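Chemist: Mind folding the following:
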Amino acid sequence: MNTPTDTAVDPSASSDSSSAAAAAPRRSRFGLLPRILIAILLGIVLGLVMPEAIARVFTTFNGVFSGFLGFLIPLIIVGLVTPAIAELGHGAGKMLAATAGIAYLSTIVCGLFALALSLLLLPRMLGGARIDSLENPEDSAIAAFFEIEIPPVFDVMTALVLSFCLGIGLTLVKKGALQESFVQLRTIIVRIIEAIIIPLLPLYIFGMFLGLTMNGQIWTVIGTFLTVILLVLGMTVVVLLAQYAVAGWAMGRNPLKMLWTMLPAYMTALGTSSSAATIPVTTECTKRNGIPDAIADFVVPLCATIHLSGSTLKITTFAVAIMIVTGMPLNIGALVGFVFMLGVVMIAAPGVPGGAIMAAAGVLASVLGFGEAAVGLMIAAYIAIDSFGTATNVTGDGAIAALVARFSRGRVSGDLAAQHHPQVHGV
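Modeler: Here you go, the predicted structure:
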């Protein structure tokens, strides 16, 4: 995914591909991750010396930005999830369905693994740390100059149900103007994220860490981040070993050798934080593991969009950590439902930096009850180690290709070889 990242796929007509390609974001020479890290550092340092009157300016901005983000989240869900589900109904038929099913299963299993391990270890690892006023910034010492209410058009759950109904419905009818309209809506939403949300995100995070420092909560947050980052990195290693144990069985090959063959893809993703930029390397490594060319050429670009096991793992783990330190109840049923819902939402994550966590924000709010400040911390935490999640995502794509090759039993249809490859526009 996912710099921070994540994707949009269009396996349909070439006209859609051309319009989507035109919407592909230009990459800044100074990436989002460095800007986020600088914002966090400045927020901590200036929070020690900044006068409260000046700090209120940033508190006011954060309030307006949070309101706009809350307004936008339901539209993000409808604009991204609906066309993503609709597009899964077109393409290479059974091969597409099999690949999507395996990718979703892999994502869900990783999310449930992260949930179980987080619930087992994090309460002990975090040592009773608490940030009691995180969800109540109005009670803090830094008040905004004014507040602007921006009510959303509809709530998040309505957006989710509407997206599922429309997306599934569009798979049952002939492609026409309605689906084209949702593709255009997706382009508009992605442009808004690129042009407004992402550029202002470092300033929002600066204001948040400025407030946390002035309220004396920052060291708890930093300690929580470091603890959870170590746990996430350990879990990504376990996930890759498990994925390639299954892939090794599927191909009848040594899983460690297969994983070693994928090392160039892992390192490329680690350096670029982009699944899309890594596709050529991932495809070549996958073919070296004995996967038929037609399957590798189809599965890897598709999975670069719909297989986000590393991203799901990160989001789930950090969500549990934030719930623990803010004193939120850990409802197991709600958390399991969150993981299954997150797996669906990840399919629709847009191809812009921070796209996965932006797409997940609605589920965090609707299922787990996260407020604006908690979502802001999730964004900062996600971006801090995004490249490791992206590397886990793309390396796992090679394992999924091995399973698809196994289930195809060596037979690749002419239809599959003739299909246009899904167009992936950045992660």
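Chemist: What would stretch 47-58 look like as PDB? C-alpha coordinates only.
Modeler: Provided in PDB are the C-alpha atoms of stretch 47-58 (Å, rounded to 0.1, in the frame of the first residue of the first chain):
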ATOM      1  CA  GLY A  47       4.500  22.000  22.400                       C
ATOM      2  CA  LEU A  48       7.100  22.600  25.100                       C
ATOM      3  CA  VAL A  49       7.500  26.300  24.400                       C
ATOM      4  CA  MET A  50       4.600  27.600  22.300                       C
ATOM      5  CA  PRO A  51       2.200  30.100  23.900                       C
ATOM      6  CA  GLU A  52      -1.300  28.900  24.400                       C
ATOM      7  CA  ALA A  53      -2.700  31.800  22.300                       C
ATOM      8  CA  ILE A  54      -0.800  30.600  19.200                       C
ATOM      9  CA  ALA A  55      -1.600  26.900  19.900                       C
ATOM     10  CA  ARG A  56      -5.300  27.800  19.800                       C
ATOM     11  CA  VAL A  57      -4.900  28.600  16.100                       C
ATOM     12  CA  PHE A  58      -3.900  25.000  15.400                       C
END
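Chemist: quick one: buried residues of whichever helix or strand Ile102 is part of?
Modeler: For Ile102, the enclosing helix or strand under DSSP states H and E is helix 94-125. Using 16 or more other C-beta atoms under 10 Å as the test for burial, helix 94-125 gives 95-96, 98-100, 102-104, 106-115, 117-118, 121-122, 125. Just so you know, the C-beta spots here come from the backbone N, C-alpha and C atoms, and that holds for glycine as well.
Chemist: Please name every helix or strand in contact with it.
Modeler: Judged by 3 or more C-beta pairs under 8 Å, 6 or more residues apart in numbering; DSSP states H and E, the packing partners of helix 94-125 are helix 218-251, helix 293-306, helix 309-325, helix 332-347, helix 386-408.
Chemist: Output the contacting helices and strands for the longest helix along the chain.
Modeler: When secondary structure is assigned using DSSP state H, the longest helix within the chain turns out to be helix 52-87. Counting contacts by 3+ C-beta pairs under 8 Å, 6+ apart, helix 52-87 packs against strand 9-10, helix 156-171, helix 177-192, helix 198-214, helix 332-347, helix 355-368, helix 372-384.
Chemist: mean pLDDT lowest for which of the ones you listed?
Modeler: Per-stretch mean pLDDT for the helices and strands packed on helix 52-87 is lowest at strand 9-10 (a mean of 42).
Chemist: What separation is there between the residue nearest to Leu72 when sequence neighbours are not counted and Tyr204?
Modeler: Sequence neighbours aside, Ile192 is the residue nearest to Leu72 in space, at 6.8 Å (criterion: C-beta to C-beta, 6 or more residues apart in numbering). Taking C-beta to C-beta, to the nearest Å as the measure, Ile192 falls 15 Å from Tyr204.
Chemist: between the two, who's got more neighbours?
Modeler: The neighbour count for Ile192 versus Tyr204, taken as other C-beta atoms under 10 Å, is higher for Tyr204 (22 against 16).
Chemist: Without its sequence neighbours, what residue ends up closest to the more buried one?
Modeler: Phe65 (5.0 Å).
Chemist: my guess is the one you found meets Leu200, correct?
Modeler: Yes: shown here, Phe65 and Leu200 form a contact pair, counting by C-beta atoms under 8 Å, at 6.1 Å.
Chemist: So for these two, which sits in the more crowded spot?
Modeler: Legend: neighbour count by other C-beta under 10 Å for Phe65 and Leu200, higher for Phe65 (19 against 14).
Chemist: helix/strand/coil for Ile150?
Modeler: Secondary structure state of Ile150, per DSSP: H, G, I helix; E, B strand; the rest coil, is coil.
Chemist: was I right about it contacting Leu69?
Modeler: No: Ile150 is beyond contact range of Leu69, at 9.1 Å (criterion: C-beta under 8 Å).
Chemist: Show me which of those two is the more surrounded one.
Modeler: Between Ile150 and Leu69, Leu69 has the larger neighbour count (other C-beta under 10 Å), namely 22 against 12.
Chemist: tell me the contacts of that one?
Modeler: Applying C-beta atoms under 8 Å, 6 or more residues apart in numbering to Leu69 gives the contacts Ile197, Ala361, Glu372, Val375.
Chemist: how much space between it and Ala319?
Modeler: Counting by C-beta to C-beta, the gap from Leu69 to Ala319 is 17 Å.
Chemist: center of this protein - which residue?
Modeler: With distances taken as C-alpha atoms, centre = their mean, Ala356 lies nearest the centre of the chain, 2.2 Å away.
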